[in-house]
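Novice: sequence plus the predicted model coming up.
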Amino acid sequence: MQDEVERGVHPEPDWAALRARFPVFENKTYINSCSYGALAVEVQAAVQRYLQDRLEQGCDWNYWVERNESARGAMARLLGAKPDEIAVTTSASAGINAIASALRFDEGRRKIVISDYEFPTDAQIWYAQELRGAEVVRVPEKDGYIPAESFADAIDEQTKIVAVAQVCFRNGARLDIPAIAKLARERGALMMVDGYQGFGTMPFDVRAANVDFAVGGCVKYLLGTAGVGFLYARDELIESLVPTVTGWFAQEDIFAMDTTRYNPAHSARRFEAGTPPVVNIYAAIAGLDIVDEVGLPAIQRRIGGLTDQIKTRAREAGYTVVTPTDPGRHGAMIAIRSHDAPALVARLAEQDIVTSDRDNNLRVSPHFYNNEQDIERLFEVLHGQRDLLA
């Protein structure tokens, strides 16, 4: 073991011990992290600590602001960013809206390029900018995928920003973000990635990917809870972007209580808004700590093995897998076609198997806490539901 550590070879995590920290598996086969991550005992304890702090202190704004800064640091480490490049938000929507409000869509650059893989909030926010003079251009899916080269014709000298999801929420398809960012950079456009369905499942470095902005949240694979998101903004751009969507936590001095002017922070904090979701931040830090403890490379390997097993079992059974086969083209979610996906999800739930559906696809999304027995149990029950499978 000592020799392995010295060579930089890290032993595989104790997956069974990690799984035991998620009590849901005592009663359920939980394979639904694309919708909501399983609750760890550490996250539960973090929320209890907040409640205890309230009971004991009543109000402790200095510590709550420190919790906000701790979350900022953890989010920065996740993305390979600097803390000053991170805004702690209440959702991915809040981060996108802050950036959108800071952009100007003039005759020179008014195009916004998105794709068929966007989550509704992303597309809706960018379409809303057409009221401010923007033009949204959509890159379509073709033959079950959107390769990077499909963006080449859409991104031109009139493009203001390219804003795409890393992993599609409907079918698990994963875009080649560095390649798309390269096209955007060559044409002078900004690049934003929504990593909500990817962050926490694989390493992602904002500088290596060459993106200008990234948004995500803590409710899924980052193991926290709803109500906490984050925005990365490349430091060279921050001072040039002045959002009109704002609030008191976006000001240079949070506690100045100045009602006579707008004085945004010099860091990415300028993209924040009002009072932070304090209790949710306790949970978010605990979840991020678990992801950091396990390590993203190990998590990626673990998920890769489980998704390979899901694809293989589905194809052997004759089910239609709508997720791309190539592991480099999909995330942690595998989607299986159904005639009536909501009914299929309900039948699985009757057998204590938790999944979800979108676009008439059954969504199966393992995380590191899942195991081969979960997959075995899923397909054991699916084989009795063939009338609902395509």
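Specialist: Arrived safely. Numbers count the residues shown, from 1 in each chain.

Novice: look up how far residue 197 lies from the residue nearest to residue 352 when sequence neighbours are not counted.
Specialist: Leaving out its chain neighbours, the residue that sits closest to residue 352 by Cβ to Cβ, 6 or more residues apart in numbering is residue 28, at 5.0 Å. The way it works is simple: take the backbone N, C-alpha and C, and place the C-beta from them, glycine included. The spacing between residue 28 and residue 197, counted by Cβ to Cβ, to the nearest Å, is 21 Å.

Novice: with neighbour numbers in mind, choose between the two.
Specialist: residue 197 (27 against 17; other Cβ atoms under 10 Å).

Novice: helix, strand or coil for the more buried one?
Specialist: Secondary structure state of residue 197, per DSSP: H, G, I helix; E, B strand; the rest coil, is coil.

Novice: so what's it up against?
Specialist: By Cβ atoms under 8 Å, 6 or more residues apart in numbering, the contact list for residue 197 reads 34, 119, 165-169, 172, 220-221, 331-333.

Novice: columns distance to residue 387, neighbour count and pLDDT on top of these, output as CSV?
Specialist: Shown next, in CSV, are the contacts of residue 197 (distance: Cβ to Cβ, whole Å; neighbours: other Cβ atoms under 10 Å; pLDDT from 0 to 100):
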residue, distance to residue 387, neighbour count, pLDDT
34, 25, 27, 98
119, 31, 17, 97
165, 32, 29, 98
166, 35, 26, 98
167, 30, 28, 98
168, 27, 28, 98
169, 26, 25, 98
172, 24, 27, 98
220, 31, 27, 98
221, 32, 30, 98
331, 29, 27, 98
332, 28, 29, 98
333, 24, 34, 98
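
Novice: pick the one among the residues you listed closest to residue 82.
Specialist: Nearest to residue 82 out of these is residue 166 (Cβ to Cβ; 20.8 Å).

Novice: surely the closest one touches residue 192?
Specialist: No. With contact defined as Cβ atoms under 8 Å, residue 166 does not reach residue 192; the gap is 10.6 Å.

Novice: residue 113 belongs to a helix?
Specialist: No. With three-state DSSP as the criterion, residue 113 is strand rather than part of a helix.

Novice: I'd like the distance between the closest residue to it other than its chain neighbours and residue 152.
Specialist: Leaving aside its sequence neighbours, residue 113 sits nearest to residue 162 (Cβ to Cβ, 6+ apart; 4.5 Å). From residue 162 across to residue 152, the span is 11 Å (Cβ to Cβ).

Novice: give me the residue at the spatial middle of this structure.
Specialist: The residue lying closest to the centre of the chain (Cα atoms, centre = their mean) is residue 196, at 1.4 Å.

Novice: which pLDDT value belongs to residue 267?
Specialist: Residue 267 carries a pLDDT value of 98.

Novice: next one: residue 238
Specialist: For residue 238, the pLDDT comes out at 98.

Novice: and if you look at residue 313?
Specialist: pLDDT at residue 313 comes out at 98.

Novice: just to check, it is in contact with residue 379?
Specialist: Yes. Judged on Cβ under 8 Å, residue 313 makes contact with residue 379 at a distance of 4.9 Å.

Novice: walk me through the domains of this structure.
Specialist: The record assigns the chain these domain ranges, following automatic domain parsing: 2-38+295-388, 48-291.

Novice: of the ones you listed, flag the one that's most buried.
Specialist: Burial of the domains of the chain is given as mean neighbour count (mean count of other Cβ atoms under 10 Å); domain 48-291 ranks first at a mean of 19.

Novice: end to end, how far does it reach?
Specialist: 20 Å (Cα to Cα, to the nearest Å).

Novice: distance from the chain centre to that domain, please.
Specialist: Chain-centre distance of domain 48-291: 10 Å, with Cα atoms, centre = their mean, to the nearest Å.

Novice: list the contacts for the spatially closest residue to residue 347 that is not a sequence neighbour?
Specialist: Leaving aside its chain neighbours, residue 347 sits nearest to residue 385 (5.6 Å; criterion: Cβ to Cβ, 6+ apart). For residue 385, the contact set (Cβ under 8 Å, 6+ apart) comprises 344, 347-348.

Novice: make JSON lines out of these and add distance to residue 251, secondary structure and pLDDT.
Specialist: Converted to JSON lines, the contacts of residue 385 look like this (distance: Cβ to Cβ, whole Å; DSSP: H, G, I helix; E, B strand; the rest coil; pLDDT from 0 to 100):
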{"residue": "344", "distance to residue 251": "49", "secondary structure": "helix", "pLDDT": "98"}
{"residue": "347", "distance to residue 251": "52", "secondary structure": "helix", "pLDDT": "98"}
{"residue": "348", "distance to residue 251": "48", "secondary structure": "helix", "pLDDT": "98"}
